[in-house]
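> mind looking at a prediction? Sequence and model below.
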Amino acid sequence: MDLQLARSNMIEQQVRPWDVLDQRVLDVLAEVPREAFLEPQHKGVAYSDFQLPIGHGQHMLKPTIDGRLLQALLLRLTDNVLEIGTGSGYLTACLARLSAHVESIEIVPELASSAKARLLDMGVTNVSLLEQDASDVWDAKDGYDAIAFSGAIPAIPDYYRNKMNVGGRLFAMVGEPSKPTMEAVLVTRVRDDEWSKESLFEASVDPLVNFDSISPNFVF
């Protein structure tokens, strides 16, 4: 199979028609090989518009959602990014190409280990990968320019919106697993004590582990 052609078709037939028009994002999707982040039996369908299994009940996001997420965050090469849910490491690699540094959190040790190996194989050096339950308060630093949740959460924890710089952006898929779709939202910190929220699109993705236990008084 011509994976280079499949990658080009993914961009032109799936991602671009889904209103991903930022050329920097399209270039990154053209450069980062999705097949390198999948098990051998799934490499042949790496560029299909499906959530592909990566083990432990988790799936890689669809290319269209990856594209919309990357575009919405408006990343700059000076940005420090926090990613909640490393998964396969594919989105991590894309974020790393668009920013100065990515701190990525993964709760499943096996996924964290395999993602780290793949990123090292690709020469991605501006990523710090931590094994951590991100659903609870932990010693996250302050001042992220962008935060990306790679799976669905029932609501956005107040803890994370306070970890953004003024002008910082946060992308999340908000919704309950029992419902057919979730809402993709972009939260921007406008001032120290003010945030705006924009609805982007609807889709269905895997829930992030343990975030169903977030208490109602801990959310945006």
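Arrived safely. Numbering: from 1, shown residues only.

> mind jotting down where the strands sit in this protein?
Applying DSSP state E to the chain gives strands spanning 53-55, 58-59, 80-84, 101-106, 127-131, 144-153, 164-174, 182-191, 194-203.

> same list (the ones you listed) but as TSV, adding mean pLDDT, mean neighbour count and distance to Gln23.
Using the backbone N, CA and C atoms, a C-beta is placed for each residue, glycine as well. Formatted as TSV, the strands of the chain follow (pLDDT from 0 to 100; neighbours: other Cβ atoms under 10 Å; distance: least, Cβ to Cβ, whole Å):
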stretch	mean pLDDT	mean neighbour count	distance to Gln23
strand 53-55	95	17	28
strand 58-59	95	18	28
strand 80-84	98	23	20
strand 101-106	98	24	21
strand 127-131	97	16	23
strand 144-153	97	24	19
strand 164-174	98	21	19
strand 182-191	97	18	20
strand 194-203	97	14	19
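
> out of those, which gets nearest to Ala93?
strand 127-131 (7.9 Å; Cβ to Cβ).

> neighbouring strands for that closest one, and are they parallel or not?
Using DSSP bridges, the strands paired with strand 127-131 are strand 101-106 (parallel).

> and the partner strand, how far from the chain's centre?
10 Å (Cα atoms, centre = their mean, to the nearest Å).

> against Ile54, how distant is Arg169?
Applying Cβ to Cβ, to the nearest Å, the value for Arg169 to Ile54 is 26 Å.

> can you pull the contacts of the spatially most central residue of the chain?
Centrality entry for the chain: nearest residue to the mean C-alpha point is Ser150, 3.6 Å, by Cα atoms, centre = their mean. Residues in contact with Ser150 (Cβ atoms under 8 Å, 6 or more residues apart in numbering) are Leu61, Leu69, Glu83, Ile84, Gly85, Thr86, Gly87, Leu91, Leu208.

> how about Ala100?
By Cβ under 8 Å, 6+ apart, the residues touching Ala100 are Leu77, Thr78, Asp79, Asn80, Asn126.

> the lengthiest helix in the chain to strand 127-131, inter-axis angle?
Longest helix of the chain, by residue count under DSSP state H: helix 109-121. With axes from the mean of the first three to the mean of the last three Cα atoms, to 10 degrees defining the directions, helix 109-121 sits at 170 degrees from strand 127-131.
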